[in-house]
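*Asks:* Need a 3D model of the sequence below.
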Amino acid sequence: VKRSLLDVGCCADVEDLHLTPDHKRLIVNTGQNRLMVHKLELPETSSFETSSQYLGGAGRSHFSADGQAIVTHVEPQGKASLWRADALEPVRAFDEAVKHAVFSPAGDRLALIREQGEVLLIDVQSGQSLWETESSLNAWRLAFRGDGRGITAVKVDGSFTVLDAETGRALKENTQFGSRGLDLSHPLVVAIAQSSRGDLAVARPSGETFIWREKENKAVATIGGHNPWQGFGNNRSGIEHLSYAPDGGLLVTAGEDYLARVWDGQSYELVYTLSGHEQPIEYVAFSPDGTMILTVSLDMSARVWSAKSGELMARVQGLDCKVKHALFAPDSKRIATLCETANTAMLWDARNGKPWGRMKVRETFPNALVFHPKGTHIIVSGTAREVLPYFSSVDGLVAKAKETAMRCLTPDERQKDGLAREPRRRCRT
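*Replies:* Numbers count the residues shown, from 1 in each chain. Have a look, this model is predicted:
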């Protein structure tokens with residue numbers, strides 16, 4: 001822990017400590033045959049930093065679904081590294097350029113795109129290569145199928161190949177979305193998303209999104225309506241990001257026209273439009289429970305909307321700074337925002353926008369954050385190529401303290417604190 005909340009003071013050496021279950025008292029063994037009990041009054045919002053460790057070049061970072069591994073990656077074409085999340089120990093570093101990296105739904109496999117567009121599959125536990133495509137696919141983005149058996153490799157021209165996740169063999173080829181004869185020095189794919197139902201959405205710079213339905217093996221819709229923003233010249237696209245609801249029932253697209261549009265996940269008819277931002281929307285996501293939609297805009301704000309009605313539920317302002325990134329916690333109760341200019345991460349109540357806590361981020365130029373799947377930690381990464389894990393709540397710090405406690409309470413102490421059972425882990429008395 002880098003910063004202290006309280007200094008209880010002590011005039012003798014401290015041998016060990018224990019926090020009571022209600023977190024209100026700290027019992028200190030001074031080594032003089034006595035125990036000192038201190039009342040703790042922790043503030044409601046506090047920040048904690050733990051295990052701050054340089055994890056190599058990392059512009060982005062992602063947890064595996066089971067929380068056991070982290071991949072760090074400098075986008076769009078930088079080095080990547082695979083780490084064990086519990087001890088922050090390296091599993092494998094990739095010295096060559098990597099375009100994209102994504103975990104399988106089970107978290108036991110990692111798929112990467114090499115510099116020339118080949119796809120490589122890695123065993124997360126050992127770091128060993130399982131297979132690599134023989135010839136260049138010219139792949140740009142990857143998406144695992146919901147059951148983990150297939151990997152969709154979307155190419156720079158918008159076409160895609162479905163690979164068998166066990167062997168790497170090509171199962172399906174689709175060139176319908178491809179753009180032949182065009183200059184491919186810049187990818188013709190802005191973003192992709194794959195629903196739990198198997199639909200693949202491919203967003204193009206034109207502002208259109210093509211929908212491919214795997215079950216029918218054909219294109220079923222082309223949706224659009226987002227106009228490119230002219231604020232930075234003509235090199236901007238009309239769409240920035242897109243995301244499916246967890247059940248695949250809705251698709252939301254974020255545009256440079258300051259709007260987000262929500263589409264039916266079966267018919268792809270427009271359901272409603274989210275309006276109110278004053279600048280282009282760069283990021284959009286559904287809450288894990290599917291009830292809310294989060295939008296992040298260049299107008300320095302993030303907004304939470306009802307996924308059922310499209311009504312605005314909360315507006316989060318980044319304390320006079322640019323909100324660089326935001327996301328839902330795994331329990332859908334909180335959102336975290338990253339303030340680029342003030343090096344601050346904030347936690348908010350997702351349903352009313354009230355502040356829940358603040359973390360001062362050591363990263364010089366933070367640009368992304370991600371929650372541990374259990375919500376216990378937040379990983380912050382940025383252009384300074386440092387990845388730092390932070391506790392996301394006071395309870396996380398308390399749990400860590402309990403894990404490293406060196407002494408059990410005496411029977412009298414345990415009875416006084418209302419603890420009937422002995423601790424699971426043996427500790428010296």
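
*Asks:* Output the below-cut-off pLDDT ranges for the stretch 301-429 of the chain.
*Replies:* 318-321, 340-342, 361-366, 382-409, 413-429 (pLDDT under 70).

*Asks:* which residue ranges form the strands in it?
*Replies:* 301-306, 312-317, 323-328, 334-339, 344-349, 355-360, 366-371, 377-382, 387-391 (DSSP state E, counting those that start in this stretch).

*Asks:* Run the angle between the first one and strand 323-328 for me.
*Replies:* Taking axes from the mean of the first three to the mean of the last three Cα atoms, to 10 degrees, strand 301-306 and strand 323-328 form an angle of 30 degrees between their directions.

*Asks:* Can you convert the strands of the stretch 301-429 of the chain into a markdown table and add a column each for distance to residue 284 and mean neighbour count?
*Replies:* The C-beta positions use only the backbone N, C-alpha and C, and glycine is treated the same way. What follows is those, written out as a markdown table (distance: least, Cβ to Cβ, whole Å; neighbours: other Cβ atoms under 10 Å):
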| stretch | distance to residue 284 | mean neighbour count |
| --- | --- | --- |
| strand 301-306 | 10 | 22 |
| strand 312-317 | 14 | 17 |
| strand 323-328 | 10 | 23 |
| strand 334-339 | 13 | 25 |
| strand 344-349 | 17 | 21 |
| strand 355-360 | 22 | 17 |
| strand 366-371 | 15 | 22 |
| strand 377-382 | 20 | 24 |
| strand 387-391 | 24 | 24 |
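
*Asks:* would you list those strands in a markdown table and tack on distance to residue 213?
*Replies:* Converted to a markdown table, the strands of the stretch 301-429 of the chain look like this (distance: least, Cβ to Cβ, whole Å):
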| stretch | distance to residue 213 |
| --- | --- |
| strand 301-306 | 27 |
| strand 312-317 | 32 |
| strand 323-328 | 27 |
| strand 334-339 | 32 |
| strand 344-349 | 37 |
| strand 355-360 | 40 |
| strand 366-371 | 30 |
| strand 377-382 | 34 |
| strand 387-391 | 37 |
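
*Asks:* To residue 275, which of the ones you listed lies closest?
*Replies:* Of all those, strand 312-317 sits nearest to residue 275, with 9.4 Å by Cβ to Cβ.

*Asks:* got the angle for the closest one vs strand 355-360?
*Replies:* Orientation note: strand 312-317 sits at an angle of 30 degrees relative to strand 355-360 (the same axes, to 10 degrees).

*Asks:* Which strands or helices does strand 312-317 pack on?
*Replies:* strand 301-306, strand 323-328, strand 344-349 (3 or more Cβ pairs under 8 Å, 6 or more residues apart in numbering; DSSP states H and E).

*Asks:* Would you reformat those strands as a markdown table and include distance to residue 65?
*Replies:* Output for those, formatted as a markdown table (distance: least, Cβ to Cβ, whole Å):
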| stretch | distance to residue 65 |
| --- | --- |
| strand 301-306 | 24 |
| strand 323-328 | 15 |
| strand 344-349 | 22 |
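
*Asks:* Determine which of these approaches residue 79 most closely.
*Replies:* Among these, strand 323-328 sits nearest to residue 79 (Cβ to Cβ), with 21.2 Å.

*Asks:* Counting by contacts, list what the closest one packs against.
*Replies:* For strand 323-328, the contact count by 3+ Cβ pairs under 8 Å, 6+ apart identifies strand 281-286, strand 292-297, strand 301-306, strand 312-317, strand 334-339, strand 366-371 as packing neighbours.

*Asks:* at 10 Å instead, please
*Replies:* For strand 323-328, the packing partners by 3 or more Cβ pairs under 10 Å, 6 or more residues apart in numbering; DSSP states H and E come out as strand 281-286, strand 292-297, strand 301-306, strand 312-317, strand 334-339, strand 344-349, strand 366-371, strand 377-382.

*Asks:* which of the residues in the first one are buried?
*Replies:* Read it as strand 281-286. 281-286 (16 or more other Cβ atoms under 10 Å).

*Asks:* picking up where we left off before, nearest approach to residue 91 belongs to which of the strands of the stretch 301-429 of the chain?
*Replies:* The closest of the strands of the stretch 301-429 of the chain to residue 91 is strand 387-391. By Cβ to Cβ, the value is 14.4 Å.

*Asks:* can you map out the strands along the stretch 1-150 of the chain?
*Replies:* 16-19, 25-29, 35-39, 48-49, 60-63, 69-73, 78-84, 89-103, 109-114, 119-123, 129-132, 139-144, 150-155.

*Asks:* need the ones you listed in TSV with mean pLDDT, distance to residue 293 and mean neighbour count, can you?
*Replies:* Shown next, in TSV, are the strands of the stretch 1-150 of the chain (pLDDT from 0 to 100; distance: least, Cβ to Cβ, whole Å; neighbours: other Cβ atoms under 10 Å):
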stretch	mean pLDDT	distance to residue 293	mean neighbour count
strand 16-19	65	39	18
strand 25-29	63	42	17
strand 35-39	56	43	13
strand 48-49	33	30	19
strand 60-63	78	21	20
strand 69-73	84	26	25
strand 78-84	83	30	21
strand 89-103	87	22	17
strand 109-114	94	27	23
strand 119-123	96	31	20
strand 129-132	95	36	14
strand 139-144	91	20	22
strand 150-155	91	24	23
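
*Asks:* Out of the ones you listed, which gets nearest to residue 172?
*Replies:* Using Cβ to Cβ, the strands of the stretch 1-150 of the chain put strand 150-155 closest to residue 172, at 8.6 Å.

*Asks:* Just give the strands next to the closest one in its sheet, each with its orientation.
*Replies:* strand 139-144 (antiparallel), strand 160-164 (antiparallel) (DSSP bridges).
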